[in-house]
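Asks: Structure here, sequence nowhere to be found:
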């Protein structure tokens, strides 16, 4: 059951696609709403669990901290933070009463989930005007399905986008990319995508290519595709402020950039220096900006990643001037303890300053909005612009598209990656805990930067991260400039083992693709907390480092340094497959309960549930080379089982759940051994 309540005069955010009648009276079940509508509270018993909020810090159970939905460019994803790149205002409270709650608001929403008072959940909406949806009836999965039905079907990328991708800030020219591809192919490490970070552009100008380092870009794109490699360029939100640059000139002429309080273009800085921000909340701007992707699709590009779209601001023109004035004052001072820290903080807080987001404006549906009032819609609408344009540029063809910033609703247009993480063991653990929360909110095509983006990775961390990454739909290794190279070929001592792990991903592609598409088409989840599959098992609700992957499989990644094993809780008997490669594994039946399971550094654990099948194929060096016509299976069958496998051409945009289903049994997919 879905109930809808209106508070104030909300704007239509684009999050919701289903028409739900508004309640005539704001008597909201399960919670109390303040008279002004800006505060929502409810009590929590000690054993209640709170799920949701998508991309956030800390655990699957959100109790005990304060979270903010405020899309934020912050690369240090530590426990003390309150917001990351996404704003996902959906919660499920699992207690004596089981219900869900979605706050459809475009600005900041603060969730105090038992931090101030351990038994109180308190939600504060920063700006008046929002819709509140309350979900009840059935199970946690039913509430998720109702929420997802309300907000629309999740994005489905092309099948090749489920392959392995390699990225770096930046691959500087054609020859460097050729060498990366050559090494992967020579060492039989499967690879489908190479990502182009900002340096492929001409002076960081969107929709341009550096002609010196990529002298024949269309030819290079064709060359890579002949090697079954797709090039995936980055597109940033900021447009370089430079006369003679056609995108800037046209946007200026048409008034398509965000304005300051005086009606002038708001000038901030990102990679190119002084830049302007397209007003993506304006439908005319979205059509204009989206059509610019044609510059690259005409060259053969079939996928993009949108970045810096919170929007990130290094500094605003006005703020920089104020800082320069203050620096002159500090120059004359004896910087003691107080003044030194004031000076340091002034410089450190220059980027993404809250005052800057209160100083520029949007136009949407004829109305003027200050950015902080609608801040969380910016990245969503940039990516919406791209998706809607790509659908027109190449009708009936799927594109790869994912974004850094997002809010509910963007999941219909693209996936996300979890942004600029670090090469820390704690960041691997965070990524594991983020995946089911993102799935709840509709972001099925998601993943982390394998190995960590910032800081220097280590061979053991990269190994363990890759072992988890083979299960995430978006599987990408990405690292920052100034860090050690972390392509798998750069670790000769472990290269063979790393290659074996990636081959496992390609062996599992029939199952991963099938479970992903079925989840998208049925408003389900590809990755779930253990408690979703075992709702009556309260112990399962305390387990946050084991995930259900599709209907047949459970995983229990290792995410701590120097561990040679880990504790695993099984809510029922399962078969454990311990893979070292596609040709080297062992299997055993484990009984319901607690187990300590050994896990060597090069081993991947796959637990198969009773009466279930996991269809697998022979591995390949690229996704289009996998053969789903010749299947085997991982299974734990006592009385017989049937797996309904979804498969299609991997490219078209028409999805028929029944037409593309094939029933898999041990007869037509015999055991792997």
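Replies: Structure's in. What do you need? The model shown is predicted, which means the values in this text are computed figures rather than measured ones.
Asks: Name the nearest residue to residue 412, ignoring sequence neighbours.
Replies: residue 152 (4.4 Å; C-beta to C-beta, 6 or more residues apart in numbering). Any C-beta I mention is one placed from the backbone N, CA and C, and that applies to glycine too.
Asks: Tell me, how many residues neighbour that neighbour?
Replies: The tally of other residues near residue 152 (other C-beta atoms under 10 Å) stands at 19.
Asks: Let's see the distance spanning stretch 633-645 from one end to the other.
Replies: End-to-end distance of stretch 633-645: 12 Å, with C-alpha to C-alpha, to the nearest Å as the criterion.
Asks: neighbouring contacts of it?
Replies: With contact meaning C-beta atoms under 8 Å, 6 or more residues apart in numbering, stretch 633-645 is reached by 510-511, 514, 518, 551-552, 573-575, 577, 589, 606, 608-616, 628, 661-666, 669-672.
Asks: for the record, mean pLDDT for that stretch?
Replies: Mean per-residue pLDDT for stretch 633-645: 94.
Asks: Offset the numbering so it begins at 31, please.
Replies: With 31 as the first residue, the last one maps to stretch 663-675.
Asks: mind checking how far it is from the chain centre?
Replies: Its chain's C-alpha centre and that of stretch 663-675 lie 31 Å apart, by C-alpha atoms, centre = their mean, to the nearest Å.
Asks: Likewise for stretch 33-45?
Replies: With C-alpha atoms, centre = their mean, you get 25 Å for stretch 33-45.
Asks: Start and end of it, how far apart?
Replies: End to end - C-alpha to C-alpha - stretch 33-45 spans 16 Å.
Asks: Return the set of buried residues in that stretch.
Replies: 33-35, 37, 40-41, 43-45 (16 or more other C-beta atoms under 10 Å).
Asks: try stretch 171-182
Replies: Buried, per 16+ other C-beta under 10 Å, within stretch 171-182: 171-178, 180-182.
Asks: those strands in the stretch 581-703 of the chain, which residues are they?
Replies: 583-585, 595-600, 604-611, 614-620, 623-628, 634-638, 642-646, 662-666, 673-676, 691-694 (DSSP state E, counting those that start in this stretch).
Asks: Verify the stated contact: residue 92 with residue 143.
Replies: Yes - with contact defined as C-beta atoms under 8 Å, residue 92 counts as touching residue 143 (5.0 Å).
Asks: Now for those two: what residues contact both?
Replies: By C-beta under 8 Å, 6+ apart, the residues touching both residue 92 and residue 143 are residue 80.
Asks: sorry, back to before: cross the buried residues of stretch 33-45 against strands and list the overlap.
Replies: Using DSSP state E, 33-35, 37 are the members of these that sit in strands.
Asks: Closest one to residue 342 out of those residues, please.
Replies: residue 37 (30.7 Å; C-beta to C-beta).
Asks: Okay, that closest one and residue 142: tell me how far apart.
Replies: 19 Å (C-beta to C-beta, to the nearest Å).
Asks: what mean pLDDT does the stretch of helix or strand residue 173 belongs to have?
Replies: Under the criterion of DSSP states H and E, residue 173 resides in helix 170-181. On average, the pLDDT along helix 170-181 is 98.
Asks: Could you identify the helix or strand that succeeds that helix?
Replies: Scanning onward from helix 170-181 (DSSP H and E), the first element met is strand 194-196.
Asks: Any buried residues in the helix or strand that comes right after that next one, and which?
Replies: On the C-terminal side of strand 194-196, the closest following helix or strand by DSSP H and E is helix 204-216. Buried residues in helix 204-216, defined by neighbour count with 16+ other C-beta under 10 Å: 204, 207-208, 210-211, 213-215.
Asks: I'd like these as JSON lines, with distance to residue 510 appended.
Replies: Formatted as JSON lines, the buried residues of helix 204-216 follow (distance: C-beta to C-beta, whole Å):
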{"residue": "204", "distance to residue 510": "22"}
{"residue": "207", "distance to residue 510": "18"}
{"residue": "208", "distance to residue 510": "22"}
{"residue": "210", "distance to residue 510": "16"}
{"residue": "211", "distance to residue 510": "21"}
{"residue": "213", "distance to residue 510": "20"}
{"residue": "214", "distance to residue 510": "20"}
{"residue": "215", "distance to residue 510": "25"}
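Asks: Format those residues as TSV; extra columns: pLDDT and distance to residue 315.
Replies: Listed next are these as TSV, based on pLDDT from 0 to 100; distance: C-beta to C-beta, whole Å:
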residue	pLDDT	distance to residue 315
204	98	33
207	98	33
208	98	37
210	98	36
211	98	37
213	98	42
214	98	39
215	98	42
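Asks: and which of the residues you listed is nearest residue 316?
Replies: Nearest to residue 316 among those, with distances taken as C-beta to C-beta, is residue 207, at 31.3 Å.
Asks: for stretch 111-121, which positions count as buried?
Replies: Quick answer for stretch 111-121 (16+ other C-beta under 10 Å): 111-121.
Asks: Closest to residue 247 out of the residues you listed?
Replies: residue 115 (29.1 Å).
Asks: ok, the closest one - contacts?
Replies: For residue 115, the contact set (C-beta under 8 Å, 6+ apart) comprises 85, 101-103, 340, 409, 434-436, 446, 448-449.
Asks: For these, which entry has the maximal number of neighbours?
Replies: Counting neighbours by other C-beta under 10 Å, residue 436 leads the contacts of residue 115 with 33 neighbours.
Asks: Who does that one form a beta bridge with?
Replies: residue 116 (DSSP bridges).
Asks: the domain parsing of the protein - what is it?
Replies: 32-181, 183-270+308-342+405-447, 540-694 (automatic domain parsing).
Asks: Pick the most buried one from those.
Replies: domain 183-270+308-342+405-447 (a mean of 21; mean count of other C-beta atoms under 10 Å).
Asks: Can you check the distance spanned by that one, start to finish?
Replies: With C-alpha to C-alpha, one end of domain 183-270+308-342+405-447 sits 19 Å from the other.
Asks: Same question for stretch 502-516.
Replies: End-to-end for stretch 502-516, by C-alpha to C-alpha: 19 Å.
Asks: Which residues are in contact with residue 221?
Replies: Applying C-beta under 8 Å, 6+ apart, the residues contacting residue 221 are 193-196, 211, 214-215, 259, 651-652.
Asks: What are the boundaries of the strands in the stretch 181-330 of the chain?
Replies: Using DSSP E, counting those that start in this stretch, strands in the stretch 181-330 of the chain cover 194-196, 223-226, 260-266, 269-270, 289-290, 297-300, 303-306.
Asks: Now that we have the ones you listed, can you turn them into TSV and tack on mean pLDDT and distance to residue 533?
Replies: Output for the strands of the stretch 181-330 of the chain, formatted as TSV (pLDDT from 0 to 100; distance: least, C-beta to C-beta, whole Å):
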stretch	mean pLDDT	distance to residue 533
strand 194-196	98	10
strand 223-226	98	17
strand 260-266	98	20
strand 269-270	98	42
strand 289-290	98	53
strand 297-300	96	39
strand 303-306	98	43
